[in-house]
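J.: below are the sequence and a predicted model for it; my questions follow.
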Amino acid sequence: VGSDGQISSLAEKMAGQVFDGSATDYEKSILAPQDNAIKLLHELELMRSPLCFKQLIGSADAIRYSQPEDKSVISILPLPSQWGSY
């Protein structure tokens, strides 16, 4: 039983310990405080995972993945018709 009279689960306690031990001060400052440590740990994991662009919209000649195996980084190349406009 916790200090507030509520029963805490072992998973809740472990999630809180993992979060406290692994989250940086910056990560802690930008994540909204939660009553649920499991949800907070899940949000930390989501924040740390890279964005993944599954579909790019635009000219295939101008938008490319920087590295084909990494879908989190793209490059935008100017089209030949735009080279003189810079």
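T.: Happy to help now that I have it.
J.: tell me, what residue is most central in the chain?
T.: Centroid check for the chain by C-alpha atoms, centre = their mean gives Met47 as the closest residue, at 2.6 Å.
J.: and the helices in the protein?
T.: Assigned by DSSP state H, the chain shows helices spanning 10-22, 25-30, 37-48.
J.: so which of the ones you listed is the most packed in?
T.: Ranked by mean neighbour count, those are led by helix 37-48 with a mean of 15 (mean count of other C-beta atoms under 10 Å). Placement of C-beta: from N, CA and C, glycine included.
J.: give me the helices and strands touching that helix, please.
T.: helix 10-22, helix 25-30 (3 or more C-beta pairs under 8 Å, 6 or more residues apart in numbering; DSSP states H and E).
J.: so which of the ones you listed is nearest Cys52?
T.: helix 25-30 (20.1 Å; C-beta to C-beta).
J.: re the thing from before, now the residue nearest to the centre of the chain: how far from Thr24?
T.: Separation of Met47 from Thr24 (C-beta to C-beta, to the nearest Å): 11 Å.
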